[in-house]
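>>> one predicted model, sequence on top.
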Amino acid sequence: MTKSISVISFTTILVFALLTFAGTAFAGKPASCATIQGGTITDSAGNPIQNGYDQFGYNYQAHMFNGTYDSSDRTIDGKYWGSTGDYVDDSLIMKWSDAWLSNVDCNGDNKLDRGLVDGVVGGTSLGWLTNQNEGDYDSDGNGTQDAHYTYFAKIVWTGPGSPLWGQYTIIQEVYNDPVGGFTGLYSKLGAPGFGLNDQWTT
């Protein structure tokens with residue numbers, strides 16, 4: 001029994017999208033932007049976002065998360081958004097571009113801005129996100145964690161009509177699970193790198 005790639009990758013992206021509410025669209029270029037260091041930017045629960053890693057594994061200043069599925073929902077309770085499962089304690093690392101989720105608030109809503117390009121907040125995460133997962137699972141049902149897997153995905157904003165939530169595309173997946181029969185490149189679209197905007201949109 002292997003872990004489900006589609007469930008793992010798609011729910012990971014969904015969690016990330018829900019963790020910090022995006023700012024609304026900003027019509028013009030702002031005069032200045034609030035920073036995390038200023039203490040006015042808050043998370044979805046209204047708590048000030050801190051510089052460096054928080055207790056859950058988020059470092060918004062550095063554009064990354066390093067924790068587990070359990071901690072990615074910002075509640076350490078042995079569950080992932082209320083669900084239990086073999087994967088809840090698996091390692092999860094996410095990295096993202098400034099256009100996906102910036103580390104500033106330029107539209108004054110006290111949230112990190114999504115889609116911040118050239119000083120203009122679009123409200124939709126643009127750019128790219130990577131997910132890297134690693135864990136163990138019980139492959140034969142005998143109650144022992146006897147199999148190990150790693151998974152990596154590159155996700156990019158590709159515009160309206162895209163296959164993932166109507167805006168995004170998974171452009172590369174690397175899946176290693178020897179017991180499950182997976183080794184190496186699982187899927188790939190386009191050239192190396194992130195192939196942003198001009199390659200994917202018109």
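Looks like it came in fine.

>>> so the residue of the chain most remote from its centre versus Ser187, what's the distance?
Computed with CA atoms, centre = their mean, the residue of the chain farthest from its C-alpha average is Asn142, at 32.8 Å. Between Asn142 and Ser187 the computed distance is 31 Å (CB to CB, to the nearest Å). Using the backbone N, CA and C atoms, a C-beta is placed for each residue, glycine as well.

>>> name the helices or strands packed onto the strand ranked longest in the chain?
Secondary structure of the chain read by DSSP state E shows that its longest strand is strand 147-162. On a contact count with 3 or more CB pairs under 8 Å, 6 or more residues apart in numbering; DSSP states H and E, strand 147-162 meets helix 5-19, strand 128-137, strand 166-176.

>>> mind doing that once more with 6 Å?
Other elements packing on strand 147-162 under the criterion 3 or more CB pairs under 6 Å, 6 or more residues apart in numbering; DSSP states H and E are strand 128-137, strand 166-176.

>>> can I get these in TSV with mean neighbour count?
TSV is the format used below for those (neighbours: other CB atoms under 10 Å):
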stretch	mean neighbour count
strand 128-137	20
strand 166-176	19
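
>>> now do the strands in the chain.
All strands of the chain, identified by DSSP E, fall at 34-35, 58-59, 64-68, 91-96, 104-105, 116-117, 120-121, 128-137, 147-162, 166-176, 185-188.

>>> given the longest one, what are its sheet partners and their directions?
Right, the one you point to is strand 147-162. Strand 147-162 has the following sheet partners, assigned by DSSP bridges: strand 128-137 (antiparallel), strand 166-176 (antiparallel).

>>> average pLDDT for it?
In this model, strand 147-162 has a mean pLDDT of 96.

>>> tell me how far that strand is from the chain's mean position?
9 Å (CA atoms, centre = their mean, to the nearest Å).

>>> try the second one
Per CA atoms, centre = their mean, the displacement of strand 58-59 from the mean C-alpha position of its chain is 11 Å.
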